[in-house]
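> Could you work out the structure for the sequence below:
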Amino acid sequence: MARMSPTRADLDKQPHEVARMFDGVARRYDLTNTVLSGGMDHLWRRAVVTAVDATEGDRVLDIAAGTGTSSEPYADRGVQVVPADFSLGMLTEGYRRRPDLPFTAADAMRLPFADDSFDVVTMSFGLRNVADVDAALREFLRVVRPGGRLVVCEFSQPVVPVFSTVYNNYLMRALPRVARRVSSNPESYVYLAESIRAWPDQRALAQQVRSAGWEQVRWRNLSGGVVALHYAVAAGR
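I've put the predicted structure just below:
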């Protein structure tokens, strides 16, 4: 089996290797994402907050929350949000910035929460890094209450052929070069590009979500399909 270099993970996505990779980019992670996406990451995250549609009194699990940037809008609205991640480096950086948030170490495939603990589970740009996506989706279903919701934001496949060609060229050529200028761990962004290209398209991911037991599965493309929001509901049980 191919091994990971000290700074990047391989596509077999061994959890300890991926966690170590994210530990290495924690310090400049949010800045790097903004630069590499041309500022679009802010628009994508706002779309997630709108889709989650949490109100005061709701309990939200924000899995793969990293430094907590994705969790802050919920907390600022009075929503009970638990930012969780398996990278201790990310959690440490997040706690340094927002000590008021309950940052929690958690593996998406084995969540440390009781059944029916949350009204919504959301995950932004993290499902792609999980070794067993089906196991994670089943765990999300376990910890959400009957009638609760799932919102996944993830890189996807552009729906315009010409745009898809340009986008893939950017991923494999320009993105690593830009990352060398702004990231604390540029090699990890080679993994990022490879993992995006290997990720299933919108319809295939929707089928995985259904197969895990979720209902009312649908998706919406953002930025021409560069990113997609997948929604689902937990059936009453």
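
> From now on I want contacts and neighbour counts done on CA atoms only, so please keep to that.
OK.

> which SSE is the nearest residue in space to residue 73 that is not next to it in sequence in?
Nearest residue to residue 73, sequence neighbours excluded (C-alpha to C-alpha, 6 or more residues apart in numbering): residue 49, at 7.3 Å. Applying DSSP states H and E as the criterion places residue 49 in helix 40-52.

> packing partners for that helix?
helix 29-36, strand 118-124, strand 144-155 (3 or more C-alpha pairs under 8 Å, 6 or more residues apart in numbering; DSSP states H and E).

> which residue ranges form the strands in this structure?
59-63, 80-85, 104-105, 118-124, 144-155, 215-222, 227-233 (DSSP state E).

> now these as TSV including mean neighbour count?
Formatted as TSV, the strands of the chain follow (neighbours: other C-alpha atoms under 10 Å):
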stretch	mean neighbour count
strand 59-63	24
strand 80-85	25
strand 104-105	18
strand 118-124	24
strand 144-155	22
strand 215-222	16
strand 227-233	22
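
> Could you export those as a markdown table, including distance to residue 92 and mean pLDDT?
As requested, these are exported to a markdown table (distance: least, C-alpha to C-alpha, whole Å; pLDDT from 0 to 100):
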| stretch | distance to residue 92 | mean pLDDT |
| --- | --- | --- |
| strand 59-63 | 15 | 98 |
| strand 80-85 | 10 | 96 |
| strand 104-105 | 10 | 94 |
| strand 118-124 | 19 | 97 |
| strand 144-155 | 23 | 96 |
| strand 215-222 | 31 | 96 |
| strand 227-233 | 28 | 96 |
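
> returning to what we had before: can I get the helices and strands packed on helix 40-52 in JSON lines with distance to residue 93?
Output for these, formatted as JSON lines (distance: least, C-alpha to C-alpha, whole Å):
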{"stretch": "helix 29-36", "distance to residue 93": "10"}
{"stretch": "strand 118-124", "distance to residue 93": "18"}
{"stretch": "strand 144-155", "distance to residue 93": "22"}
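
> Could you measure from residue 103 over to residue 130?
To residue 130, residue 103 is 19 Å away according to C-alpha to C-alpha, to the nearest Å.

> more neighbours, these two?
residue 103 (25 against 20; other C-alpha atoms under 10 Å).

> Mind pulling up the pLDDT for the more buried one?
pLDDT, residue 103: 96.

> from here on, count from 36
Right, with 36 as the first residue, what we last looked at is residue 138.

> I figured it hits residue 119, correct?
Yes. Residue 138 is within contact range of residue 119, at 5.7 Å (criterion: C-alpha atoms under 8 Å).

> can you list residues touching both of those two?
Common contacts of residue 138 and residue 119 (C-alpha atoms under 8 Å, 6 or more residues apart in numbering): residue 126.
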